[in-house]
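> A structural model of the following input is requested.
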Amino acid sequence: MITNRQLFLRHVAQTSDAPLLLEIEKAEGIYMFGPNGKRYIDLISGIGVSNVGHRHPKVLAAIENQLGKYMHLMVYGEFVQSPQVLLAQKLTETTSGKLEQVYFVNSGTEAIEGAMKVAKRSTGRSEFVSCEKAYHGSTHGALSIGGGEYFKQAYRPLLPGMNQIRYGVFEDLELISCRTAAVIIETVQGEAGVRFAGKDYFQALRERCTFTGTLLILDEIQCGFGRTGTFWAYEQTGIVPDMLVTAKGMGGGLPIGAFLAKEEVMACIKTDPFLGHLTTFGGNPVCCAASLGVLEALESDNLIHEVKHKEQLFRSLLVHPSIKSFRSQGLMMAAEMSDFLTLKKVIDLAIEHGVVTDWFLYCDNSMRIAPPLIITESEIREVCKILLSCMDEVMLEGKLQL
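The predicted structure is shown next:
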């Protein structure tokens, strides 16, 4: 009899020669369960998606309520749909009304593509500045501003006029000029291994963009929706962007993304040509309802307020000779080890013991730790105990081989 694993390898397009091949039958809260009932703790939230955990009751209730009304009605921007309207209003409120309009899409990379189009049209410029080791998605425009040549080289030529600066390096800000349409930057670099440039840097960046008439686009696809201890990570910098991009944790497990902008910036896609940016499924009412459920869960369960405390608990518990440094912004964390081989052994062993973690695309010697925000203190202690035990085992194996 052909197994699901065999069918997966045969018929589902593969993105690597070594997929995890974990078969999951059910997920609830911070846990995932295999067909045999084996329990796994999801320590990476499906790569930043399940901020409120798997199948949060408020998300499920919002989805079920919307399913009883309607699903897809019309392409984006034509019909007045209550879930879209309510979600757009609530998202603009999270920016204190400073970003007044929302364009809904299906994913983070689509949000980046839309933001790039709006930036070009709004400024009349075509050059972009992004950062080394940045990750903004894998569609053509997003790949063009991405930071890794390894992922780009097979798809060149990419978009022209793409310039890169070093994240957090003040002198590189001089490369932002009056020809730059926008700077697109992660408030917290994710795939670089959780790097935060600091408040002073972002204030200098804001000043440079304002001086040159350049739009500042913050990518909070991974770090938004409470992940760092404030709803948006940029709230900790003392600045306001011209545009903001989000996705991942936004939908509680359903596909949705968005870019937010000031009204005068977003207005450019209405005319010459009209329908300047289109999406069929963006703003799907069921996905928007799910996002409203996420917002309700974050607020009513006081999850964002607890992030910093849980971050400090992780930092106090995850202390081991294998960990060379520990970087964190809320529950977006990276435990750096000596090399990829050591880390991979720990990760593989952790999965065997029921803890799913990962590494970063541009920092493959650091363990990705980004659990659902609903994780409890006792669950943090449990998962840290397992990880430390795995590190002990890998360290002992290395000593025995010597």
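
> Distance check, Gly251 against Leu159.
For Gly251, the distance to Leu159 equals 28 Å [CB to CB, to the nearest Å]. Using the backbone N, CA and C atoms, a C-beta is placed for each residue, glycine as well.

> Dump stretch 363-376 to CSV, restricted to CA.
Taking C-alpha atoms only, stretch 363-376 is exported to CSV below (Å, rounded to 0.1, in the frame of the first residue of the first chain):
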residue,chain,number,x,y,z
CYS,A,363,22.4,32.1,9.7
ASP,A,364,22.5,28.3,9.7
ASN,A,365,24.4,28.0,13.0
SER,A,366,21.5,29.5,15.0
MET,A,367,18.4,27.7,16.3
ARG,A,368,15.1,29.4,15.5
ILE,A,369,12.9,29.7,18.5
ALA,A,370,9.5,31.4,18.0
PRO,A,371,6.8,29.6,19.8
PRO,A,372,3.1,30.6,19.7
LEU,A,373,2.5,33.5,22.1
ILE,A,374,0.1,31.3,24.1
ILE,A,375,2.9,29.1,25.4
THR,A,376,2.8,28.9,29.2
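
> And for Thr210, the neighbour number?
By other CB atoms under 10 Å, 12 other residues sit near Thr210.

> Compare Gly251 and Leu159 (neighbour count), which wins?
The neighbour comparison of Gly251 against Leu159 (other CB under 10 Å) goes to Gly251, with 27 against 14.

> Secondary structure class of the nearest residue to Asn284 once chain neighbours are set aside, three-state.
Computed as CB to CB, 6 or more residues apart in numbering, the closest residue to Asn284 that is not its neighbour in sequence is His72, at 6.2 Å. Assigned state for His72: coil (three-state reduction, DSSP: H, G, I helix; E, B strand; the rest coil).

> Test my guess that His72 contacts Phe281.
Yes. His72 sits in contact with Phe281 when judged by CB atoms under 8 Å, with a separation of 6.9 Å.

> What about Ala297, how many residues nearby?
Neighbourhood size, Ala297 [other CB under 10 Å]: 22.

> For it, give me its contacts.
Under the criterion of CB atoms under 8 Å, 6 or more residues apart in numbering, the contact partners of Ala297 comprise Val52, His56, Lys58, Val59, Gly252, Leu303.

> Which ones among these lie within helices?
Judged by DSSP state H, helices contain the following of the contacts of Ala297: Lys58, Val59, Leu303.

> Out of these, grab the one that's most surrounded.
Each of the ones in helices among the contacts of Ala297 was scored by neighbour count (other CB under 10 Å); the top score is that of Val59, with 26 neighbours.

> confidence score at that one?
The predicted local confidence for Val59 comes out at a pLDDT of 98.

> Which of the helices or strands spans the spatially most central residue of the chain?
Among the residues of the chain, the one closest to the centroid is Gln222, at 1.8 Å (CA atoms, centre = their mean). Assigned by DSSP states H and E, Gln222 belongs to neither a helix nor a strand.

> quick one: it from His136, how far?
In this structure, Gln222 and His136 are separated by 10 Å, where distance is defined by CB to CB.

> Also Val319?
Distance from Val319 to His136, counting by CB to CB: 33 Å.

> These two - which one has more neighbours?
Set side by side, Val319 and His136 show unequal neighbour counts under other CB under 10 Å, the larger going to His136 at 30 against 11.

> Is the more buried one in contact with Ser130, as I believe?
Yes. Under the criterion of CB under 8 Å, His136 makes contact with Ser130 at 7.2 Å.

> what touches both of these two?
Both His136 and Ser130 are in contact with Ile145, Gly146, Ile184, where contact means CB under 8 Å, 6+ apart.

> how about the second one, what does it touch?
By CB under 8 Å, 6+ apart, the contact set of Gly146 is Ser130, Ala134, Tyr135, His136, Gly137, Ser138, Lys152.

> One more: the first one?
Taking CB under 8 Å, 6+ apart as the criterion, Ile145 is in contact with Ile112, Met116, Phe128, Ser130, Ala134, His136, Leu159, Met162, Ile184.

> circling back to that earlier point, which of His72 and Phe281 has more neighbours?
It is Phe281, of His72 and Phe281, that has more neighbours when counted by other CB under 10 Å, with 15 against 12.

> what's the closest non-adjacent residue to that one?
Using CB to CB, 6+ apart and skipping the chain neighbours, the partner closest in space to Phe281 is Asn106 (5.6 Å).

> Was I right to think the one you found contacts Pro255?
Yes. Under the criterion of CB under 8 Å, Asn106 makes contact with Pro255 at 5.0 Å.

> Now do the shared contacts for those two.
Residues touching both Asn106 and Pro255 by CB under 8 Å, 6+ apart: Cys287.

> residues in contact with stretch 129-139?
Residues external to stretch 129-139 that are found in contact with it (CB under 8 Å, 6+ apart): 107-110, 112-113, 142-143, 145-148, 151, 162-167, 175-176, 180, 182-186, 189-192, 195, 214, 219, 221, 361-363.

> Show the end-to-end separation of that stretch, please.
The stretch stretch 129-139 measures 17 Å between its terminal residues, going by CA to CA, to the nearest Å.

> buried sites along that stretch?
If you call a residue buried by 16 or more other CB atoms under 10 Å, then stretch 129-139 has these buried ones: Val129, Ser130, Cys131, Glu132, Lys133, Ala134, Tyr135, His136, Gly137.
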